[in-house]
Each structure stands twice: as structure tokens, then as C-alpha cells.
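1. Give me a 3D structure for the following:
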Amino acid sequence: MTSTEHVPASLSEVPTAAGRVLDDFFARTVPVATAIAPVVGDAAGLVADFVRTGGKRVRPTFAYAGWLCGLSSPHRRPTVPDQSPADALRVCAALELVQACALIHDDIIDHSDTRRGRPTVHRAIERHHRREGWSGDAADHGIAGAVLCGDLALAWADDLVHGHTPA
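-> The predicted structure follows:
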């Protein structure tokens, strides 16, 4: 699916279109993370699942609306090349990854056990640590892993903004 197939015809279509951009992005990036090491793939999968489950995609909708408003502004600088709707949507979808980073890290700071009715990322990693019987403190491992998952979401946001995705 090409990025132009995601372009919404109206603002009400932005949440679904942004979700499709993210799904395509995860379909290409999670396998690459898994090829690095299974544990990296597991972390990538946690981030993808976190972003996919929940949220109303309000940020991409507001950002896309702002982009549309900017197109019609009489004060728009004509020397700046126009960004395509597909590029704008990709940048708007990346906001969901920035938000995921913030929420994952916030859940650690707030010692939250759940978000959107599911275990927080640090609690999910903590539980996995316990199930596998790994050495060390499970809670510390959960926090460290979740910090890295949040950082991965932020790095992926940058990749998505710049169009860097595996083929």
C-alpha cells in the first residue's frame, strides 16, 4: 500500500488513515527489530501494540487540520516547497509515537499499573521477567525496559517523520 492510498478525503478520515500509516510502519519495522534479536523484536512489538490499542488519534487530526489551514494562509511563504498530503499525514501519524513515548515514561513516573485497561509497558515487562525466571529484580528490569521502549517510540517518530522505513 502506498502512502497516497492513506490520504484522507476529510478530517473525519484522519484517525483511520493515521492508523493505517502506523500499521504499515510497524509491519516493516518490527520484523527488522526482531532480526536484530528476539528480545528487541519483543520490545518493538510492545511499542507497536501500545500505539495500536487505544487513543482516538486526536493529535494527528488536529495537526492535519493545521496543515490544511496553513495551505490556505495568505501569509504562507511561497519559497517553502509544498508538502504532499501523504507526507503531512505521515508526520501527523508520527505524533502518536511521540505521545506513546510520553505515556510510557509517564506511567513509570506515576507508578501506574494499567493504561487503557491493560498493564502498562513497565508492568508487562516486569511480568515477563518473572514468568521467564530471569535473574535480577523484575521491577527494575520492567522500568529499564520500558524506558527503552519509550525511547524506541521516539526514535521511530523521527524515522516516520523523515520517511525512513525498511523496504
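
2. where does this protein have low pLDDT?
-> The chain contains residues with pLDDT under 70 at 1-5, 75-83.

3. Spell out for me which residue occupies the centre of it.
-> When CA atoms, centre = their mean is applied to the chain, the residue found nearest the centroid is Leu97 (2.6 Å).

4. Just to check, that one is in contact with Leu160?
-> Yes. Leu97 is within contact range of Leu160, at 6.4 Å (criterion: CB atoms under 8 Å). Using the backbone N, CA and C atoms, a C-beta is placed for each residue, glycine as well.

5. which residues touch Ala33?
-> 40-41, 43-44 (CB atoms under 8 Å, 6 or more residues apart in numbering).

6. Which two of these have the greatest separation?
-> Spanning the widest gap among those are Gly41 and Ala43, at 7.3 Å by CB to CB.

7. okay, now the residue nearest to Arg127 when sequence neighbours are not counted: neighbour count?
-> In space, and not counting its chain neighbours, Arg127 is closest to Pro119: 6.8 Å by CB to CB, 6 or more residues apart in numbering. Look at Pro119: counted by other CB atoms under 10 Å, it has 16 neighbours.
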